[in-house]
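1. would you be able to build a 3D model of this:
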Amino acid sequence: MKLATYKDGSRDGQLVVVSRDLSTAHYATGIAHRLQAVLDDWNFLAPQLQDLYETLNGGKARHAFPFDPKQCMAPLPRAYQWADGSAYLNHVELVRQARNSEVPASFYTDPLMYQGGSDDFIGPCDDVVVPSEAMGIDFEAEIAVVTADVPMGATPEQALEGIRLLMLVNDVSLRNLIPAELAKGFGFFQSKPATAFSPVAVTLDELGDAWDHGRVNLTLQSTWNGRKVGMCDAGPEMTFHFGQLIAHICKTRNVRAGSIVGSGTVSNKSVDVDGRPQWPKGYSCIAEKRCIETILDGQPATEFMKYGDTIRIEMKGKDGQSLFGAIDQAIAAPAAG
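-> Numbering: from 1, shown residues only. Purely as a prediction, here's the structure:
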């Protein structure tokens, strides 16, 4: 099934069930008002939502209305935890290669992860408000899962059983703030503003056989200012699957229902063309494009985002239909005054 949260003036919005083709929706009133409530009592409430979903898909829901992504908050407008991994090691390798440094051996056996702000997510069509263009505004196209309760000490296989929903992510990064923060040795903080998620979150069965043991074997599309810049395969080059990422958190603590765990920037390796590396599938963040330029030409040429720029992130199923709806945002300055 597909679930979204509509804006209603409150912090947590109103839960709606969305049809498979994303054309219609229906308030989940009478079942649950908030998605977090469903995650807290999944076994009881999810079957009721599934019944409504099937009725909606059959065209028989009594109070259906046209679905409008612009009315959506993030599916979980705020969450108990937002932990983002770096599961695509090609992304890490490119960054390191551009700096002429080696990837530490531990990166290949132990996932890299940071904890982002989860109290103030933004909707899929909301503006990305940044104080200054000089901060180096970048998009990052990713995938994320929403969990059930997963106990401390869970194995990757056990952690896979704790995945309830999937979403797309724009993990906005302020690249020019990152070096100073990393130099402090405490990781990202100011360099990671509010994160955006896709209009809908979907259950794993919506992916069919594209869901492959914790990986999504589909293409993640990134369109910057109307130009398609990324058509990256999300499955094959994901070094750590979602079960491994969740188990990484569970090494020393419980993961509670409603936690969001991200994949990190989806990234694909180069191919050799006449002795020169090429990246035909493009990129899922500008920083990676700049790393590629540095490797090929000695310096980056592509600038980061400016006010008024747009970014669209979308994933289509094997039938060519949008699975999650699209993140479709513009970069904006803070309101005057």
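2. burial measure for F139, as a count.
-> Neighbour count of F139, defined by other C-beta atoms under 10 Å: 31. Heads up, the C-betas are built off the backbone N, CA and C, glycines and all.
3. per-residue pLDDT of it, please?
-> pLDDT recorded at F139 is 98.
4. cool, S101 as well?
-> Listed pLDDT for S101 reads 81.
5. verify the stated contact: G262 with A144.
-> Yes: in this structure, G262 is within contact of A144 by C-beta atoms under 8 Å, at 4.3 Å.
6. the stretch 1-150 of the chain: helices as residue ranges?
-> For the stretch 1-150 of the chain, the helices defined by DSSP state H, counting those that start in this stretch cover 35-40, 42-57, 89-98.
7. out of these, deepest packed?
-> Ranked by mean neighbour count under mean count of other C-beta atoms under 10 Å, these are led by helix 35-40, which reaches a mean of 21.
8. that one - contacts with which helices or strands?
-> In terms of contacts (3 or more C-beta pairs under 8 Å, 6 or more residues apart in numbering; DSSP states H and E), helix 35-40 is packed against strand 2-6, strand 14-18, helix 42-57.
9. which of the ones you listed sits closest to G235?
-> Relative to G235, the nearest member of the helices and strands packed on helix 35-40 by C-beta to C-beta is strand 2-6, separated by 20.8 Å.
10. give me the angle between that closest one and helix 42-57.
-> Here the directions of strand 2-6 and helix 42-57 differ by 90 degrees (axes from the mean of the first three to the mean of the last three C-alpha atoms, to 10 degrees).
11. shared neighbours of G262 and A144, anything?
-> Listed as contacting both G262 and A144 by C-beta atoms under 8 Å, 6 or more residues apart in numbering are D84, V169.
12. got the helices and strands packed on helix 35-40 as TSV, with mean pLDDT and distance to P151 columns?
-> Shown next, in TSV, are the helices and strands packed on helix 35-40 (pLDDT from 0 to 100; distance: least, C-beta to C-beta, whole Å):
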stretch	mean pLDDT	distance to P151
strand 2-6	98	25
strand 14-18	98	27
helix 42-57	98	16
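13. for those, which one sits closest to L165?
-> Nearest of the helices and strands packed on helix 35-40 to L165, taken as C-beta to C-beta: strand 2-6 at 7.1 Å.
14. relative to F107, how far out is Y88?
-> Distance, Y88 to F107, using C-beta to C-beta, to the nearest Å: 11 Å.
15. more neighbours: these two, which one.
-> Taking other C-beta under 10 Å, Y88 and F107 do not tie; Y88 has more neighbours (25 against 16).
16. could you find the closest non-adjacent residue to that one?
-> Spatial nearest neighbour of Y88, excluding adjacent residues (C-beta to C-beta, 6 or more residues apart in numbering): S267 at 4.1 Å.
17. list the contacts of the one you found.
-> Neighbouring residues of S267 by C-beta under 8 Å, 6+ apart: Y88, N90, H91, L94, C232, E237, Y283, S284, E288.
18. do the same with A134
-> N176.
19. going forward can the numbers begin at 44, since that is how I track them
-> Shifting the count to begin at 44 puts that one at A177.
20. right, and D181 touches N219 too?
-> No: the criterion here is C-beta under 8 Å, and D181 misses it with N219 at 9.6 Å.
21. centroid residue for the chain?
-> Using C-alpha atoms, centre = their mean, the residue of the chain that lies closest to the mean C-alpha position is V212, 2.2 Å off.
22. give me the phi and psi for the residue with the largest distance to the centre of the chain.
-> Distance to the chain centre peaks in the chain at D317, reaching 35.0 Å (criterion: C-alpha atoms, centre = their mean). Here is the backbone geometry of D317 (degrees, to the nearest 10): phi 50, psi 40.
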